[in-house]
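Student: the amino acid sequence is not available; the structure is as follows:
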């Protein structure tokens, strides 16, 4: 059924029918009633995309994350969806699988659909080509009234940001592990192009340096930001010759994979080796042993980023909501038991 048919049935012009249905302008009440009754009688469903074009706004919020299958992103997306439902907004969710070009393409698609807001959930890329392409998409979108907010560090974008304190959280974790007596550490890290990886690794290194502890180059292993990546990185660490008494995986999902690899090699956690992660995704509380981690309020972060995107802007400066992490020492870490002096303390 078409808009023209509704207009003919109501005895009005197509323009009047359109205004009555999408609310873009005032229409005489008797005409609006005739149009609504005609639309109901004919079973007419308005074209949401056309309404968005007419009003320069839609009820859609676009969420672009690295991988919704990762519990970190799914928890944040859950928070976005709760906040969106309270505002009668619909969420379109896309996973980039950490491909910078795909992220830019999704932003372009959401621009074309006149999304009310675009949320980028996850680490930015240390990539000048990505920065230029993303700025070229977001600049015109924001100029036309679109709202943008991000979770994590996107230094070049200069948009409203929910910023987890990754560096500070990793530093606090390192200090807590040193407090347990550990002096030899290994790190399972993700792709260095991701700002989250750079921040967490730097924070951990800096805290070790405060205690004159050096992180050996061969005890830092890069892997994919996934369970499989954590498994492979832990296997590579063992192949290189494990010298650490404690392993830090920069995300919980990598730590889950690492735990499986360590067990398969015959190592017991934490009796033989302590293991820690970062994020506090729900599954890690139920592991055996439960995982030591840096807890972030992931669902609240999702609620906050949508609130930030839809809040009226104050001038030209972007706003930053900083989110502190909390170190939770659980059963996967234990005091160092190696003798009279911790390893590497000579």
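Tutor: Arrived safely, thanks for sending. None of these values were measured; they are calculated from a predicted model. Numbers count the residues shown, from 1 in each chain.
Student: break the chain into its domains for me.
Tutor: Per automatic domain parsing, the domain ranges recorded for the chain read 3-46, 60-164+298-324, 166-296.
Student: nearest to residue 338 among those domains would be which one?
Tutor: domain 166-296 (6.7 Å; C-beta to C-beta). (C-beta placed from N, C-alpha, C; glycine too.)
Student: tell me the average confidence for the closest one?
Tutor: Domain 166-296 comes out with an average pLDDT of 96.
Student: pull up the distance across that domain, start to finish.
Tutor: Start and end residues of domain 166-296 are separated by 10 Å (C-alpha to C-alpha, to the nearest Å).
Student: just to revisit the earlier point, which stretch among the domains of the chain is buried most, on average?
Tutor: Ranked by average neighbour count under the criterion mean count of other C-beta atoms under 10 Å, those are headed by domain 166-296 at a mean of 20.
Student: circling back to that earlier point, just send the domains of the chain back as JSON lines, with distance to residue 331 too.
Tutor: Formatted as JSON lines, the domains of the chain follow (distance: least, C-beta to C-beta, whole Å):
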{"stretch": "domain 3-46", "distance to residue 331": "55"}
{"stretch": "domain 60-164+298-324", "distance to residue 331": "19"}
{"stretch": "domain 166-296", "distance to residue 331": "3"}
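Student: among those, which comes closest to residue 333?
Tutor: Per C-beta to C-beta, nearest to residue 333 of those: domain 166-296, 4.0 Å.
Student: helix, strand or coil for residue 239?
Tutor: What DSSP: H, G, I helix; E, B strand; the rest coil gives for residue 239 is helix.
Student: just to revisit the earlier point, looking at the domains of the chain, which is nearest to residue 337?
Tutor: So among these, domain 166-296 is nearest, using C-beta to C-beta, at 8.2 Å.
Student: and residue 314, what pLDDT?
Tutor: Residue-level pLDDT assigned to residue 314 equals 63.
Student: give me the contacts around stretch 94-107.
Tutor: 62-69, 73, 118, 120, 125, 127, 129-130, 133-134, 137-138, 141, 191, 194, 225 (C-beta atoms under 8 Å, 6 or more residues apart in numbering).
Student: quick one: it to chain centroid distance?
Tutor: Distance of stretch 94-107 from the chain centroid (C-alpha atoms, centre = their mean, to the nearest Å) equals 13 Å.
Student: give me the distance between the two termini of that stretch.
Tutor: 10 Å.
Student: report the mean confidence score over that stretch.
Tutor: Per-residue scores along stretch 94-107 average to 89.
Student: oh, and call the first residue 226 from now on, that's how I've got it
Tutor: With 226 as the first residue, the last one maps to stretch 319-332.
Student: the contacts of stretch 319-332 in helices, which ones?
Tutor: Among the contacts of stretch 319-332, the members falling in helices (DSSP state H) are 298, 354, 355, 358, 359, 362, 363, 366.
Student: which members of those are the farthest-apart pair?
Tutor: Farthest pair in the ones in helices among the contacts of stretch 319-332, by C-beta to C-beta: 298 and 354, 23.7 Å.
Student: quick one, helices of the chain?
Tutor: Counting by DSSP H, the helices of the chain are 228-235, 239-247, 254-267, 273-280, 296-311, 325-337, 353-368, 391-404, 420-435, 452-465, 477-489, 523-535.
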